[in-house]
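A.B. asks: below are the sequence and a predicted model for it; my questions follow.
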Amino acid sequence: MAFAAYLADLHTEASCPICLDYLRDPITTDCGHNFCRSCIQQCWVDLQDIFPCPVCLQQCSNGSLKRNTQLCNMTDIVKQLPITRSKRKLQEEKPLCEKHNQTMALFCAKDLELLCPQCRISSNHQDHHLMSIEEAATSHRRKLKKYIEPLRKHVGDAENGLEMAVSKLVELKCKVENQNSELHSEFQQFVHFLAKEREAIHVRLLNEEEDVLKKLIENKIQISDHTSTLKNLLSEITEKCVQADLDLLTGIGSIRNRYELLKNPTVFSYELEREHCCLPPQYFGLQNMINTFQVNLILDPETAHPDLIISEDRKTVIYKMMNPNCPQSAREFNVYPSALSSEGFDSGRHFGQVEVRGRGEWSLGVCKESFPRNVITSPSPNNGCWQIELWTSEFATWESVNLSRIGVFMDCELGEVSFYNLNNRSLLYTSTVTSVEKLIPYFSIGPSSNSLAISIVRNE
């Protein structure tokens, strides 16, 4: 039994994996498998660049096929060996027609079915184009090979679609995380404001309580003194009533005058002022505030320092050293490299946004209309300018680098100007504005900021 099995394995090894017959003119591929030269060439017809091994699908080189002379000689020897019964039976077994029990030898090109000779004369296939198994296999192998490139393209498109779907999932997660972060920041600001508002209301209530308490105590003392006066007068009059006539009339004028001049003190009444927690607009959501109060600002070239260049759309300002002898305008800054917006505000609420790109010193904020433009004095609230000032460099901290989009909120109703870091949706700080004049957005770039630009932007 073992000998028969070994002999069957030897016949198998000498057979082509494609045609299952003895190897004819055997060749060996790069991956080490052996095929009939005609079989492997037929499998690779119309293929370009990529030649997969029919057994392991490893890519092979069409030009590296070499004739295996030793295997050819061994196959000739194996052919002389007796074939085992099971091997012979396996070779003789071919698919049989279920209807006629005959070997399948034909193929119907219309119905794509294997047929036996008896099926050929069947009424179902009389008018159909029939071909041999070999011819049909060659034809359909060619057609299948034409499917390869389109399928590869479909696979590539599907993989790209999958990559986009995964990217969308990551994008969704990032957006949700960003919104959560923004909401957390806004809630933190809201909690901070409520704590400050509660403390302010508490202080006002304590002051009001102290003031009312003082007045109540004074009123109590007045009523107490008046009560004592009444009791003394009552006692004196009671004694006079029982005295002799002469004694009764002695000093009667004083008693009558004191009685007629009596005036009851008024009991002090009070009503506590009803305190309310009034939320400014910025605590109803930063995005809502932007959408509601956003203004479309443009720069005023007539106010720009000679070393500042304003873009044609009047949205961007950069620094560039100019000729010091250039004629100057009475409205322009000639000390600090600054420029103003063309529009100012003396009422309402207004929100502006800017982007800062590059490295260097910059500042922005608001100033009152009478802010001096040709005086050597640092911009500050004392002279009517409320701003933030930063220096961005390659050695700056992450927080400074991240501070590239700034929001400026001018609340003329409350007399405040607030600055926001729009990259992380956080409040930088709020300053009280003490001015009855018109407030004008203010922009400034330092002399060492050749690569820095400030641009006015707007949410669409």
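C.D. replies: Thanks, I have the structure now.
A.B. asks: from Lys145, how far out is Val45?
C.D. replies: For Val45, the distance to Lys145 equals 7 Å [Cβ to Cβ, to the nearest Å]. Just so you know, the C-beta spots here come from the backbone N, C-alpha and C atoms, and that holds for glycine as well.
A.B. asks: then Tyr270?
C.D. replies: 100 Å.
A.B. asks: pLDDT averaged over the lengthiest helix in the chain - what is it?
C.D. replies: Ranked by number of residues, the top helix in the chain under DSSP state H is helix 133-241. For helix 133-241, the mean per-residue pLDDT is 88.
A.B. asks: in this structure Leu308 contacts Thr316, no?
C.D. replies: No: with contact taken as Cβ atoms under 8 Å, Leu308 and Thr316 are classed as non-touching, separated by 10.5 Å.
A.B. asks: does Ile454 count as helix, strand or coil?
C.D. replies: strand (DSSP: H, G, I helix; E, B strand; the rest coil).
A.B. asks: quick check: it vs Asn421, distance?
C.D. replies: Taken as Cβ to Cβ, the span from Ile454 to Asn421 is 15 Å.
A.B. asks: between those two, which is the more surrounded one?
C.D. replies: Ile454 (25 against 18; other Cβ atoms under 10 Å).
A.B. asks: give me the distance between that one and Arg359.
C.D. replies: From Ile454 across to Arg359, the span is 13 Å (Cβ to Cβ).
A.B. asks: repeat that for Ile440.
C.D. replies: Ile440 is 27 Å from Arg359, by Cβ to Cβ.
A.B. asks: what do you get for Trp44?
C.D. replies: 61 Å.
A.B. asks: low-scoring pLDDT stretches of the stretch 301-450 of the chain, where are they?
C.D. replies: Scanning the stretch 301-450 of the chain for pLDDT under 70 picks out the ranges 322-331, 392-403, 450.
A.B. asks: all strands for it, in order.
C.D. replies: 308-310, 316-319, 338-341, 349-357, 360-368, 385-392, 405-411, 416-421, 426-432, 439-445 (DSSP state E, counting those that start in this stretch).
A.B. asks: between these, which one is closest to Lys263.
C.D. replies: strand 426-432 (48.1 Å; Cβ to Cβ).
A.B. asks: I'd like to know which elements the closest one is packed against.
C.D. replies: Under the contact definition 3 or more Cβ pairs under 8 Å, 6 or more residues apart in numbering; DSSP states H and E, strand 426-432 sits against helix 133-241, strand 385-392, strand 416-421.
A.B. asks: hmm, 10 Å instead?
C.D. replies: Counting by 3 or more Cβ pairs under 10 Å, 6 or more residues apart in numbering; DSSP states H and E, the packing neighbours recorded for strand 426-432 are helix 133-241, strand 385-392, strand 405-411, strand 416-421.
A.B. asks: neighbours around the residue lying closest to Leu299 once chain neighbours are set aside, how many?
C.D. replies: What sits nearest to Leu299 in space, not counting adjacent residues and going by Cβ to Cβ, 6 or more residues apart in numbering, is Arg314, at 4.7 Å. Arg314 sits with 17 neighbouring residues when counted by other Cβ under 10 Å.
A.B. asks: coming back round to it: can I get the strands of the stretch 301-450 of the chain in TSV including distance to Ile133?
C.D. replies: Converted to TSV, the strands of the stretch 301-450 of the chain look like this (distance: least, Cβ to Cβ, whole Å):
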stretch	distance to Ile133
strand 308-310	82
strand 316-319	76
strand 338-341	86
strand 349-357	73
strand 360-368	81
strand 385-392	78
strand 405-411	73
strand 416-421	77
strand 426-432	77
strand 439-445	84
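A.B. asks: so which of those is nearest Leu234?
C.D. replies: Closest to Leu234 of the strands of the stretch 301-450 of the chain is strand 426-432 (Cβ to Cβ; 60.0 Å).
A.B. asks: neighbouring contacts of the closest one?
C.D. replies: For strand 426-432, contacts defined as Cβ atoms under 10 Å, 6 or more residues apart in numbering pick out 181-182, 185-186, 188-189, 192-193, 280, 282-283, 286, 365-366, 381, 386-388, 390, 403, 406-409, 411, 414-421.
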